[in-house]
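Trainee: sequence-free structure coming up:
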């Protein structure tokens, strides 16, 4: 044994030194890990931003788009035929007209002559009736004599009220009734030779030319109301359910413009849903009194339609809603998930029902792969930890966007 020790003394001493060194290192590591420090997971917690959950009333605004069209566009046709002898600016497209303004007058010489002759017959028949009643005197003569004087004014007045069978018989015997109704018929026919604008607007498309001959029932021009306009807005079923009552004020803007707008009203809505688009048209009426070209028919417009008011709701970017219908909440430094009820989506905003308790710290920082128990902290938590001396100088981790 003594010989073995002498022979291998150098190797034995080297092994002993290695064992002593390993023991020292182990003891140092045990002592180092036993020092009280903040957990590594806590030191590397992600920074996030939060907002306290608080409910408030919310007015739903429904956005839509549509093309502007005139609320009234009328094809005007004549009831009589003949030559056009007068027209408004030769019925050229774009001509502005006022309500009641003469648009077209046809040659009415023949019917004017017939009307003049018929009025002469009426005057003569009434004079003969007055002669027959003059011998009797009394109120009956005075009534018909006053009517005869009114006939000489050029405007055919209505017949006096026939108060007895004898008066009715005598007016028919002397031809007064027949002559009167002949005059009235010709006067009505004379109106067919003149066409007046039923509303203010503009002539759309060139109409019939001056001095051309037209037939009864032939279309002469198209009159478009360019001041009172309409937009049909397609809405989904959910948007329709959120819509406020009819006659609500609507904001109308040209596409891409926020600096100019007009107001209109919801006047009616269709009762049939389009099968292909699954939408229902809501019709908005508005006026463009200054004829702003941004609101001419044919323009594309954006609308803000008022919806109903929710008593309690919370708005959150829809991107913060997890795929499983939950939101992320910070509780005691870790992430918790809570299911929410989404009332509706308003563009990029989700409107939540009041199902969660107020005061919860809702995480507004987007986290790519959130899981319950994930260590998180806010800047406020970090500052408080620094004051307590527990924050790690090398931590930071950065909020995950």
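Mentor: That came in fine, so what should we check first? Given the structure is predicted, the values throughout are model-derived calculations rather than measurements.
Trainee: Please count neighbours and contacts with C-alpha atoms only from this point.
Mentor: Fine.
Trainee: where are the low-confidence patches of the chain?
Mentor: The model of the chain has pLDDT under 70 over residues 1-44, 381-401.
Trainee: List the beta-bridge partners for the residue positioned nearest the centre of it.
Mentor: In the chain, the centroid-proximal residue (CA atoms, centre = their mean) is residue 303; its distance is 4.2 Å. Note on residue 303: beta-bridge partners by DSSP bridges are residue 64, residue 252.
Trainee: thought it was touching residue 65?
Mentor: Yes. The criterion here is CA atoms under 8 Å, and residue 303 meets it with residue 65 at 5.9 Å.
Trainee: picking that back up, how much space between the residue nearest to the centre of the chain and residue 235?
Mentor: 12 Å (CA to CA, to the nearest Å).
Trainee: anything in contact with each of the two?
Mentor: Listed as contacting both residue 303 and residue 235 by CA atoms under 8 Å, 6 or more residues apart in numbering are residue 64.
Trainee: OK, contacts around residue 360?
Mentor: Per CA under 8 Å, 6+ apart, neighbours of residue 360: 52, 53, 329, 330.
Trainee: next one: residue 270
Mentor: Contacts of residue 270 (CA under 8 Å, 6+ apart): 280, 281, 282.
Trainee: Assign the first one to helix, strand or coil.
Mentor: Read that as residue 280. Secondary structure state of residue 280, per DSSP: H, G, I helix; E, B strand; the rest coil, is strand.
Trainee: How many residues are close by it?
Mentor: For residue 280, the neighbour count with other CA atoms under 10 Å is 21.
Trainee: Equivalent analysis for the last one, please.
Mentor: Neighbours of residue 282 under the rule other CA under 10 Å: 19.
Trainee: what does the one 4 residues further on give?
Mentor: Residues within reach of residue 286, counting by other CA under 10 Å, total 23.
Trainee: Quickly find the element holding it.
Mentor: strand 279-287 (DSSP states H and E).
Trainee: which residues does the closest residue to residue 104 other than its chain neighbours contact?
Mentor: Of all residues not flanking residue 104 in the chain, residue 87 sits nearest, at 4.4 Å (CA to CA, 6 or more residues apart in numbering). By CA under 8 Å, 6+ apart, the contact set of residue 87 is 102, 103, 104, 105, 210.
Trainee: Turn these into CSV, including distance to residue 79 and neighbour count.
Mentor: Shown next, in CSV, are these (distance: CA to CA, whole Å; neighbours: other CA atoms under 10 Å):
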residue, distance to residue 79, neighbour count
102, 15, 16
103, 14, 22
104, 12, 23
105, 12, 21
210, 17, 18
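Trainee: In strands, which of those residues fall?
Mentor: 102, 103, 104, 105 (DSSP state E).
Trainee: Burial check on residue 308, number of neighbours?
Mentor: Residue 308, neighbours per other CA under 10 Å, totals 15.
Trainee: Can you classify it as helix, strand or coil?
Mentor: strand.
Trainee: separation between it and residue 163?
Mentor: Distance check for residue 308 against residue 163: by CA to CA, it reads 63 Å.
Trainee: same question, residue 341
Mentor: For residue 341 relative to residue 163 (CA to CA), the value is 79 Å.
Trainee: Specify which residue of those two has the higher count of neighbours.
Mentor: residue 341 (14 against 9).
Trainee: re the thing from before, could you pull up the residues touching the residue nearest to the centre of the chain?
Mentor: Neighbours of residue 303 in contact, by CA under 8 Å, 6+ apart: 63, 64, 65, 250, 251, 252, 253.
Trainee: wait, what's in contact with the residue nearest to residue 253 when sequence neighbours are not counted?
Mentor: Leaving aside its sequence neighbours, residue 253 sits nearest to residue 261 (CA to CA, 6+ apart; 4.6 Å). Applying CA under 8 Å, 6+ apart, we find residue 261 in contact with 251, 252, 253, 254.
Trainee: Pick the one among the residues you listed closest to residue 231.
Mentor: Closest to residue 231 out of these is residue 252 (9.5 Å), distances taken as CA to CA.
Trainee: Quick check: that closest one touching residue 265?
Mentor: No. Applying CA under 8 Å, one finds residue 252 not in contact with residue 265, separated by 10.0 Å.
Trainee: who has more neighbours, those two?
Mentor: Counting neighbours by other CA under 10 Å for residue 252 and for residue 265 shows that residue 252 has the greater number, 24 against 19.
Trainee: Doesn't residue 260 lie inside a helix?
Mentor: No. Counting by three-state DSSP, residue 260 is not found in a helix; it is coil.
Trainee: So the residue nearest to it when sequence neighbours are not counted versus residue 343, what's the distance?
Mentor: With sequence-adjacent residues excluded and distances taken as CA to CA, 6+ apart, residue 260 is closest to residue 253, at 6.3 Å. As judged by CA to CA, residue 253 and residue 343 stand 27 Å apart.
Trainee: who has more neighbours, those two?
Mentor: More crowded of residue 253 and residue 343, by other CA under 10 Å: residue 253, with 21 against 14.
Trainee: In three-state terms, label residue 132 for me.
Mentor: helix.
Trainee: Distance check, it against residue 140.
Mentor: Note on residue 132: its distance to residue 140, by CA to CA, is 11 Å.
Trainee: One more: residue 324?
Mentor: 95 Å.
Trainee: neighbour-wise, which of these two wins?
Mentor: Counted by other CA under 10 Å, residue 324 and residue 140 do not tie: residue 140 has more neighbours, with 15 against 10.
Trainee: Might one say that that one is in contact with residue 133?
Mentor: Yes. With contact defined as CA under 8 Å, residue 140 reaches residue 133; the gap is 7.2 Å.
Trainee: Just list what the helix or strand hosting residue 112 packs against, helices and strands only.
Mentor: Assigning secondary structure by DSSP H and E places residue 112 in helix 109-134. On a contact count with 3 or more CA pairs under 8 Å, 6 or more residues apart in numbering; DSSP states H and E, helix 109-134 meets helix 138-151, helix 165-173, helix 176-191.
Trainee: Flag every buried residue along the second one.
Mentor: I take that to be helix 165-173. The neighbour-count check on helix 165-173 (16 or more other CA atoms under 10 Å) flags residue 171 as buried.
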